[in-house]
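Novice: here's my sequence, what's the structure:
(one chain, ligands or ions: 4)
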Amino acid sequence: MRLGGEISEEERKEEEEVGTTAFSGGECCGQNKVVVGYALTSKKKNSFLQPKLTTLARNKGIYFVAIDLNKPLLEQGPFDIVLHKLSGEEWREIVEDYRQKHPEVNVLDPPDAIQHLHNRQSMLQVVVDLNLSDCHGKVGIPRQLVITKEKNPSDIPYEVTKAGMKLPLVAKPLLVDGSAKSHELFLAYDESSLSELEPPLVLQEFVNHGGILFKIYIVGENIKVVRRFSLPNISKRELSKVAGVFRFPRVSCAAASAEDADLDPSIAEHPPRPLLERLAKELRHRLGLCLFNVDMIREYGTTDVFYVIDINYFPGYGKMPEYEHIFTDFLLSLVQCKINMKPAT
Ligand SMILES: Nc1ncnc2c1ncn2[C@@H]1O[C@H](COP(=O)(O)OP(=O)(O)OP(=O)(O)O)[C@@H](O)[C@H]1O
Ligand SMILES: O=P(O)(O)O[C@H]1[C@H](OP(=O)(O)O)[C@@H](OP(=O)(O)O)[C@@H](O)[C@@H](O)[C@@H]1OP(=O)(O)O
Ligand SMILES: [Mg+2]
Ligand SMILES: [Mg+2]
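Specialist: Ligands and ions are numbered 1, 2, ... in the order given. Prediction:
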């Protein structure tokens, strides 16, 4: 916890912008003050730093301060916690350097750990390694094949046949770098059309799941599940009649949740809580991350066969119910944990 931390004029302005009021000194209404430096894109800042979050945070003594990207990070602060989601190697090095020079600051999360989620192959490999086959259900990943950038697109149909992959396939850019392009996904109904795609790619077997997906938001030890609309089932009949590759929209990212829709209970029922707790705990430890979400689907016609299809770093928490309470409590718990760990003097 920062005692007597100073906040610069620019940071003060920024705080006013996001609805927090800065003051010098380390205490607020008898509470210690927690300073959270943040480096987020303006889109993320707008969706995450909503007034309902910043107001509640201020009441709990938490102050969000914008990191000035035009100034060295090492000259800014002092911070208790740093929250960040920006792309690029340069930023990664800046944060890594800052972490080494300021081990007392909780940097959420370490850049190397985040990097794991920037590749759709390494992202899901942790789920495979977990081998969660008997914990109130089975959790795996869809069968997938990586097509590296050296591969000639005209060879993709052969590679797919050789690997014995079953159609239809979802084609996803291998790298996730925060760009719109890295979210450009295609559904492929026949093998020969696959040569229209541009490597590097991950080709994933499409798993019928009744058009509903579960977004499992993780904030430290907290788990919140929301239901979202997803792609509908593809029947054998449809598959036999259709050919080609089709781009599809970011259907499950829409803010509209499927929470209140009138759905078949066998499709809509949330995955069992013990399974989610085990999955979240294992992923937190194996990935070394606190802030992420997992997209999970239930194989259509089953009660307990689940697939993880995507893991995202620092997702759209603004769409998670009660995120302002969960997030502020989490930030306070981090600082409290540090205080408890300090040796008594
Ligand atoms: N293997 C699959 N089987 C069935 N549907 C899938 C599969 N993979 C992806 N989808 C559908 O496509 C959507 C987008 O896929 P995915 O989540 O992997 O992409 P993304 O660009 O990383 O999305 P996000 O916006 O969540 O980061 C999913 O939410 C789901 O509706
Ligand atoms: O924009 P939204 O609020 O929807 O958040 C999305 C987020 O975009 P942002 O980080 O630019 O905000 C995406 O990050 P990048 O992969 O593009 O880095 C990804 O994490 C999505 O899964 C999030 O949607 P959600 O899964 O939570 O529905
Ligand atoms: Mg997704
Ligand atoms: Mg994703």
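Novice: make it CA atoms for all contacts and neighbour counts henceforth
Specialist: OK.
Novice: who does whichever strand or helix holds H84 pair with, and is each partner parallel or antiparallel?
Specialist: Here H84 sits within strand 81-85, counting by DSSP states H and E. Paired neighbours of strand 81-85 in the sheet (DSSP bridges): strand 34-40 (parallel), strand 106-108 (parallel).
Novice: now those in a markdown table, with distance to ligand 1, mean neighbour count and mean pLDDT?
Specialist: Output for the strands paired with strand 81-85, formatted as a markdown table (distance: least, CA to the nearest ligand atom, whole Å; neighbours: other CA atoms under 10 Å; pLDDT from 0 to 100):
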| stretch | distance to ligand 1 | mean neighbour count | mean pLDDT |
| --- | --- | --- | --- |
| strand 34-40 | 17 | 22 | 98 |
| strand 106-108 | 19 | 19 | 97 |
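Novice: okay if I get these as CSV plus distance to V242?
Specialist: Below are the strands paired with strand 81-85 laid out as CSV (distance: least, CA to CA, whole Å):
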stretch, distance to V242
strand 34-40, 42
strand 106-108, 45
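Novice: got TSV for these, with distance to ligand 2 too?
Specialist: Formatted as TSV, those follow (distance: least, CA to the nearest ligand atom, whole Å):
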stretch	distance to ligand 2
strand 34-40	8
strand 106-108	14
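Novice: on that earlier part again, tell me how far the strand holding H84 lies from the chain's centre.
Specialist: 14 Å (CA atoms, centre = their mean, to the nearest Å).
Novice: next: stretch 317-335.
Specialist: The answer for stretch 317-335 is 15 Å, by CA atoms, centre = their mean.
Novice: buried stuff in it?
Specialist: Within stretch 317-335, the residues that count as buried by 16 or more other CA atoms under 10 Å are 317-320, 323-324, 326-328, 330-332, 335.
Novice: residue of the stretch 1-150 of the chain closest to ligand 2, please.
Specialist: K44 (4.5 Å; CA to the nearest ligand atom).
Novice: likewise for the stretch 51-200 of the chain?
Specialist: G178 (3.5 Å).
Novice: give me the secondary structure label for that residue.
Specialist: Judged by DSSP: H, G, I helix; E, B strand; the rest coil, the three-state class of G178 is coil.
Novice: where does it land on pLDDT?
Specialist: Looking at G178, its pLDDT is 89.
Novice: just A255 next, same as before
Specialist: 64.
Novice: and for P343?
Specialist: 65.
Novice: next one: L187
Specialist: With respect to pLDDT, L187 scores 97.
Novice: for it, pull up the helix or strand it's in.
Specialist: Assessed by DSSP H and E, L187 sits inside strand 185-188.
Novice: what does that strand contact?
Specialist: 167-173, 194, 243-249 (CA atoms under 8 Å, 6 or more residues apart in numbering).
Novice: out of those residues, which is nearest to ligand 1?
Specialist: V170 (5.9 Å).
Novice: what packs against the helix or strand hosting K43?
Specialist: Here K43 is covered by helix 42-48, with elements defined by DSSP H and E. Contacting helix 42-48 under the criterion 3 or more CA pairs under 8 Å, 6 or more residues apart in numbering; DSSP states H and E is no other helix or strand.
Novice: now it: average pLDDT?
Specialist: 96.
Novice: which intervals of the stretch 201-345 of the chain have sub-threshold pLDDT?
Specialist: Where the stretch 201-345 of the chain drops to pLDDT under 70, the residues are 255-256, 342-345.
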